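> Just need the structure, nothing else, for what follows:
(one chain, ligands or ions: 1)
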Amino acid sequence: MCGIVGVLGNHEVSPIILNALKRLEYRGYDSAGIATVNDGRLDRRRAVGKLVNLSDLLVHEPLPGKAGIGHTRWATHGAPTVSNAHPHAAGPVMVVHNGIIENFRTLRAELAEDGVNFASDTDSEVIVQLTARHLGQGLGPVEAAHATLARLEGAFALVFLFEGEEDLLIGARRGSPLAVGLGDGEVYLGSDAIALAPMTDRIAYLEEGDMAVLRRGSVSVTDQAGRPVERQATRIQMDNYRVDKAGHRHFMAKEIAEQPAVLRGALEFHVRADDTLDLPEGVDFSETGRLVLVACGTAYLAAQVAKYWFEQIAGLPVECDIASEFRYRDPVLTPQDTAIFISQSGETADTLAALRHVQGRVARVLGVVNVPTSTIARESDVVLPIQAGPEIGVASTKAFTAQLQMLALLALKAGRDRGRLDAAGLAAHLQTLRSLPGFVAQALDRDGEIARIAARLSEATDVLFLGRGPMFPLALEAALKLKEITYIHAEGYASGELKHGPIALIEPDVPVVVMAPRDRLFDKTVSNMQEVLARQGPVVLISDHAGLAEAGAEAQHRLAMPTVPDLIAPMVYAIPAQLLAYHTAVQRGTDVDQPRNLAKSVTVE
Ligand code: G6P
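I've put the predicted structure just below:
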């Protein structure tokens, strides 16, 4: 979603802001803009499309100044056009905004009645128009910003820049994160630490409702109630915020390749050498009556896989929900429930709202997140970091397998807490998890073969994925990955459901990818595959060598995975799911890392 940057620097800021916006590109955007104040005067440049269009514009029409703000916009209200791009301007003030102003219609009507002519179709413009009105009534910048914030409803992060004020930025946070960076005689604001990492490693995160007044020599923060507060700056590990492709063509390729190392590191983080789990205090399922797992997108599919583990290993009833549905359907919650919210970014608006919905109504709220400073992390009773490192590709890959491994560990903990798993059983499962990085590496070695199968998929207009047991949600994830980055229509189905509808779609030009590890459901999945073959459907069978030898004769493509224990099969089979989508996208020439219309961190409903 939208990215925000603000800089009070000692040098020309346009190039610095442009560079910071580049580091925010991964969030997804469709237009961008920068404003500065120079010799007291505000000026801005805005362009539709990729940042290169904005940087070209800046070459022809430079934007001098040592104080400025920048924005990448992911359109919500109003098409991606120059006039809808940020920064928005009204008289002596400009603003960049991430999030949604929910009462913008009321505010727009009120301002229009006052004679305000709007220059854009955005909800954001009401912010700057309100501020200009307050300035016109004689308020100073800080008071005007404050008065404006009091009128806004919704979730947002904002930065204001004022005419005649070359040593002033005002930032505000409600719902969407905003970080303050402290440099050497310079100060910065950014949507996340990734944007600010090249400028400084000293970062303070604003809290809900905070307003920050930044000058080169001072940062003062007030809380929701207007009281002055301290927000401690911490030194971030710069290594964690390195944004490079490490020799890969795309971030997604790098992140897929990183998985053995990520899984190994995360396991070491959560498991002791003596085969006991090292999980935060408060992770205890002995009294849990039911688990409620809530997430969006790929994280939701990780929850669906985990449901099988919690049921099988711990005998725990599990409900899985899509956050946007859960929060609006009056879910029945009891004090015996434990709720787990899963989110890579920790900022997904629907997941966060669902979390707030259950607070105080369930025994405990666990947050399985990748960003430990995120809002979901902060608002959970217990935070379980998946330790995947920054994920830049919009389509989630390493975060998915790291979420799965974290959830598997929680299922083992639940098994222990509930007396369904003894110490030896736990040790055996942990041994299996220790073998996972090696198996994932073996799956990654099939890259060349997968690229050849992808050549076939890249010609298709529809692709079906089938699986049973935990391979069913994995089939959903494989289909989601494919549609996200290749724009090919893809569906995932439980193999057993094939005959109840999707079988009508089987045709010689609709590839059917069957994910069939040799588990107890193998024969049943193979029967469903036969139903496809009998109707001339071209099958890609993914199984181990024995499985392919037994059932693969008629399949058009066979892809061999290592023979793996059931527990880790979802993480291993995730690799061909990801690589199939990746190579198909590369062959179709789509934008792998920033697919159209998608955003990495979805901070609006
Ligand atoms: C977006 C991303 C997906 C992600 C989903 C949930 O749609 O494009 O890759 O799975 O949000 O994001 P979260 O950060 O909550 O895991």
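> For the protein, which residues are neighbours of the ligand?
296-299, 343-345, 348, 351, 394-396, 598, 600-602 (CB under 6 Å from any ligand atom). Every residue, glycine included, has its C-beta placed from N, CA and C.
> go again using 5 Å as the cut-off
Residues of the chain lying close to the ligand by CB under 5 Å from any ligand atom are 296-299, 343-345, 348, 394, 396, 598, 602.
> Just the closest of those residues to residue 158, please.
Ranked by distance to residue 158 (CB to CB), the residues of the chain next to the ligand are led by residue 602 at 18.6 Å.
> on that earlier part again, give me the buried subset of the residues of the chain next to the ligand.
When the residues of the chain next to the ligand are checked for burial by 16 or more other CB atoms under 10 Å, the buried set is 296-299, 343-345, 348, 394, 396, 602.
> Please tell me how far the residue lying closest to residue 556 once chain neighbours are set aside sits from the ligand.
Nearest non-adjacent residue to residue 556, counting by CB to CB, 6 or more residues apart in numbering: residue 538, 4.4 Å away. The gap separating residue 538 from the ligand is 28 Å, by CB to the nearest ligand atom, to the nearest Å.
> Strands of the stretch 451-600 of the chain, start to end?
462-467, 489-494, 512-515, 539-544, 557-561 (DSSP state E, counting those that start in this stretch).
> burial count for whichever residue of the stretch 1-150 of the chain sits closest to the ligand?
With CB to the nearest ligand atom as the measure, residue 28 is the residue of the stretch 1-150 of the chain nearest to the ligand, at 7.4 Å. When neighbours are counted by other CB atoms under 10 Å, residue 28 registers 22.
> right, and it touches residue 74 too?
Yes. Between residue 28 and residue 74 there is a contact at 5.3 Å, judged by CB atoms under 8 Å.
> in the protein, which helix or strand is least confident?
helix 193-196 (a mean of 87; mean pLDDT, DSSP states H and E).
> Run the chain-centre distance for the helix or strand following it.
With elements assigned by DSSP states H and E, the helix or strand that comes after helix 193-196 is strand 202-205. Centroid separation for strand 202-205 versus its chain: 21 Å, with CA atoms, centre = their mean, to the nearest Å.
> any idea of the mean pLDDT for strand 202-205?
If you average the pLDDT over strand 202-205, you get 94.
> which phi and psi does residue 49 have?
The phi/psi pair for residue 49 (degrees, to the nearest 10) reads phi 90, psi -160.
> who's in contact with the residue of the stretch 351-500 of the chain at minimum distance from the ligand?
Nearest to the ligand, among the residues of the stretch 351-500 of the chain, is residue 396, at 3.8 Å (CB to the nearest ligand atom). Residue 396 sits next to 297-299, 344 when contact means CB atoms under 8 Å, 6 or more residues apart in numbering.
> ok, back up a step: and the least confident helix or strand of the chain, what's buried?
193-196.
> can you put those residues in JSON lines and add distance to residue 446?
Compiled in JSON lines, these are given as follows (distance: CB to CB, whole Å):
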{"residue": "193", "distance to residue 446": "36"}
{"residue": "194", "distance to residue 446": "32"}
{"residue": "195", "distance to residue 446": "36"}
{"residue": "196", "distance to residue 446": "39"}
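> quick one: which of those is nearest residue 220?
residue 196 (18.9 Å).
> where's the closest one relative to residue 187, distance?
Applying CB to CB, to the nearest Å, the value for residue 196 to residue 187 is 10 Å.
> Taking the stretch 451-600 of the chain, what residue is nearest to the ligand?
residue 598 (4.9 Å).
> rewinding a little: just send the buried ones among the residues of the chain next to the ligand back as a markdown table, with distance to residue 60 too.
What follows is these, written out as a markdown table (distance: CB to CB, whole Å):
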| residue | distance to residue 60 |
| --- | --- |
| 296 | 41 |
| 297 | 39 |
| 298 | 41 |
| 299 | 43 |
| 343 | 41 |
| 344 | 38 |
| 345 | 36 |
| 348 | 38 |
| 394 | 30 |
| 396 | 38 |
| 602 | 34 |
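> Relative to residue 183, which of the strands of the stretch 451-600 of the chain is closest?
Once the strands of the stretch 451-600 of the chain are compared by CB to CB, strand 489-494 is nearest, at 46.0 Å.
> Now do that closest one and strand 462-467, the angle between them.
For strand 489-494 against strand 462-467, the angle by axes from the mean of the first three to the mean of the last three CA atoms, to 10 degrees is 20 degrees.
> What pairs with strand 489-494, parallel or antiparallel?
According to DSSP bridges, strand 489-494 forms sheet pairs with strand 462-467 (parallel).
> tell me the SS of the most far-flung residue of the chain relative to its centre?
In the chain, counting by CA atoms, centre = their mean, residue 138 sits farthest out from the average C-alpha position, at 42.2 Å. Three-state assignment for residue 138 (DSSP: H, G, I helix; E, B strand; the rest coil): coil.
> Can you tell me how far it is from residue 303?
Taking CB to CB, one finds residue 138 at 53 Å from residue 303.
> Contacts only, for residue 550.
Counted by CB under 8 Å, 6+ apart, residue 550 has contacts residue 526.
> rewinding a little: not counting sequence-adjacent ones, nearest residue to the residue of the stretch 1-150 of the chain closest to the ligand?
residue 599 (3.3 Å).
> go on, residue 399?
In space, residue 399 is closest to residue 344, 4.0 Å off (CB to CB, 6+ apart).
> residues contacting that neighbour?
Contact analysis of residue 344 by CB under 8 Å, 6+ apart lists 298-299, 369-371, 386, 388, 391, 396, 399, 403.
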